[in-house]
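Asker: build the 3D model from these lines:
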Amino acid sequence: MVFSKDPFAVTRDGQVPLYRRLWFVLCTLPLCAPLTILIAITGGIYMRKNGELHRVDDDTAWYLALVAFSLLIFLALNMQVGAIEV
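Answerer: Numbers count the residues shown, from 1 in each chain. So this is what the prediction gives:
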């Protein structure tokens, strides 16, 4: 992962909404992929590393959105194939 040097980055955990934390985004990936896509493309995702708060690079956020979209497509195709076989 690449971390951006954002001059306007938040400096405390209290300033980061729960849904903008990396662990929350990763938990929503298998549970609700559209929510993961929405969070990833609309703003920053933050994580704690070595006791400091860092913003995940925008490219990494877009990769997360792409993975979530691919999961949705895979599930949709899998459901269509299953429906045809029945």
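
Asker: quick one: the helices in this structure?
Answerer: Counting by DSSP state H, the chain has helices at residues 22-31, 33-42, 58-85.

Asker: so which of these is the most surrounded?
Answerer: Of the helices of the chain, the one with the most neighbours on average (mean count of other CB atoms under 10 Å) is helix 33-42, at a mean of 18. Placement of C-beta: from N, CA and C, glycine included.

Asker: from residue 65, how far off is residue 78?
Answerer: 20 Å (CB to CB, to the nearest Å).

Asker: and if you look at residue 42?
Answerer: Applying CB to CB, the value for residue 42 to residue 65 is 10 Å.

Asker: hmm, back to that, would JSON lines of the helices of the chain with distance to residue 16 be doable?
Answerer: Output for the helices of the chain, formatted as JSON lines (distance: least, CB to CB, whole Å):
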{"stretch": "helix 22-31", "distance to residue 16": "10"}
{"stretch": "helix 33-42", "distance to residue 16": "12"}
{"stretch": "helix 58-85", "distance to residue 16": "14"}
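
Asker: worst mean pLDDT among these?
Answerer: Ranked by mean pLDDT, the helices of the chain bottom out at helix 58-85, which scores a mean of 85.

Asker: gap between that helix and the chain center?
Answerer: Counting by CA atoms, centre = their mean, to the nearest Å, helix 58-85 is centred 14 Å from the centre of its parent chain.

Asker: quick check: closest non-adjacent residue to residue 24.
Answerer: Nearest non-adjacent residue to residue 24, counting by CB to CB, 6 or more residues apart in numbering: residue 18, 5.8 Å away.

Asker: among the helices of the chain, which comes closest to residue 50?
Answerer: Minimum separation from residue 50 across the helices of the chain (CB to CB) falls at helix 22-31, 14.4 Å.

Asker: show me what the closest one is packed against.
Answerer: Helix 22-31 is packed against helix 33-42, strand 46-49, helix 58-85, with contacts defined by 3 or more CB pairs under 8 Å, 6 or more residues apart in numbering; DSSP states H and E.
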